[in-house]
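1. Sharing a sequence plus its predicted fold:
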Amino acid sequence: MAPRSSRGRTAAPPLEFEKQLVLNQYMLSLFGKTSFEELASLLKPAEEGLDDDNTTRF
């Protein structure tokens, strides 16, 4: 088999690492988000610790 020639092709710009991961993109799509920063913003206001009945809030 002859080697492929790259004549006439322009190199595509490299993707960011997180965009290369298929499962990462799938998980973000389930939450309707496009980045981990958007997803993390949902979790930041969550309170951690125990309530009066010793039940975890997280």
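-> Nice, I can see it.

2. mind listing the helices for this structure?
-> With DSSP state H as the criterion, the chain has helices at 17-20, 22-30, 36-43.

3. Any chance of CSV for those, columns mean neighbour count, distance to residue 10 and mean pLDDT?
-> For every residue, glycine as well, the C-beta is placed using N, CA and C. Output for the helices of the chain, formatted as CSV (neighbours: other C-beta atoms under 10 Å; distance: least, C-beta to C-beta, whole Å; pLDDT from 0 to 100):
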stretch, mean neighbour count, distance to residue 10, mean pLDDT
helix 17-20, 10, 19, 73
helix 22-30, 11, 24, 87
helix 36-43, 11, 30, 86
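
4. for these, which one sits closest to residue 11?
-> Smallest distance to residue 11 across these (C-beta to C-beta): 15.6 Å, for helix 17-20.

5. Figure out which of the helices of the chain is closest to residue 50.
-> Taking the helices of the chain one by one with C-beta to C-beta, helix 36-43 is closest: 18.4 Å.

6. ok, now which ones touch residue 55?
-> By C-beta atoms under 8 Å, 6 or more residues apart in numbering, the contact set of residue 55 is empty.

7. any idea how far it is from residue 46?
-> 14 Å (C-beta to C-beta, to the nearest Å).

8. Report the backbone C-alpha coordinates of stretch 47-58 in CSV.
-> Once non-C-alpha atoms are left out, stretch 47-58 reads as follows in CSV (Å, rounded to 0.1, in the frame of the first residue of the first chain):
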residue,chain,number,x,y,z
GLU,A,47,-23.3,23.3,51.5
GLU,A,48,-21.1,20.7,53.1
GLY,A,49,-21.2,19.3,56.6
LEU,A,50,-23.9,18.0,59.0
ASP,A,51,-27.3,19.3,59.9
ASP,A,52,-29.0,19.1,63.3
ASP,A,53,-29.9,15.5,62.8
ASN,A,54,-26.3,14.5,61.8
THR,A,55,-27.4,14.0,58.2
THR,A,56,-24.8,15.1,55.6
ARG,A,57,-25.7,18.1,53.4
PHE,A,58,-23.4,17.1,50.6
